[in-house]
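1. Mind folding the following:
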Amino acid sequence: CRNGHANPRGASSCRLCSEPVDPSNPRLIRRPVLAAVISNQGDGTDLVSGVVVGRSPDSARGPHGSYLMRVGSSGNDISRNHILITPNEWNIVLTDLHSTNGTLVRPPGEPEFELRDGRSVTVEIGTELLLDDQVRLKIVPPRSN
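-> All right, here's what the predicted structure looks like:
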């Protein structure tokens, strides 16, 4: 786009700022960091290889190099390994890690839905994740770009 953000081949608008993308001058680049994950508890990280979120996250539940985001849960409503957030090509993928109570997903401009039972879904920047009454995550633009 005219703001210099990298976008996937064939995109008509920028994934970060919604500006038009000029398809007449494509350049092949390495995929950048697509997003960051921040919690309302103050933790956050760029989405590089993966983020395992839970009360006591285990690195074996995500790809090599995953960031472990520990979140509190006063009523133990959040599982030890609750959700995995990963980049996949130019997509951001949420995968339920067979959490006990699932995750309420709020995509921007779309109806909210529950993610559970080991299912995966592709989301975009601006998506909010409610793990319980007190813990919220948000997919935001990357910090490093």
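
2. ok, the nearest residue to residue 104 once chain neighbours are set aside - contacts?
-> Spatially, and ignoring its direct neighbours in sequence, residue 104 is nearest to residue 130 (4.1 Å; C-beta to C-beta, 6 or more residues apart in numbering). C-beta here means a position set from N, CA and C on the backbone, and glycine is covered the same way. Contact partners of residue 130, counting by C-beta atoms under 8 Å, 6 or more residues apart in numbering, are 103, 104, 106, 136.

3. partners of residue 130 in the sheet?
-> residue 104, residue 136 (DSSP bridges).

4. ok, so what distance separates residue 108 from residue 21?
-> To residue 21, residue 108 is 19 Å away according to C-beta to C-beta, to the nearest Å.

5. between these two, who's got more neighbours?
-> residue 21 (20 against 11; other C-beta atoms under 10 Å).

6. ok, residue 103 - contacts?
-> Listed by C-beta under 8 Å, 6+ apart, the contact partners of residue 103 are 82, 83, 94, 96, 114, 115, 116, 129, 130, 131.

7. tally of neighbours for residue 69?
-> 21.

8. correct me, but it touches residue 41?
-> No - using C-beta atoms under 8 Å, residue 69 makes no contact with residue 41, being 9.2 Å away.

9. overlap in contacts of these two?
-> Between them, residue 69 and residue 41 share no contacting residue, judged by C-beta under 8 Å, 6+ apart.
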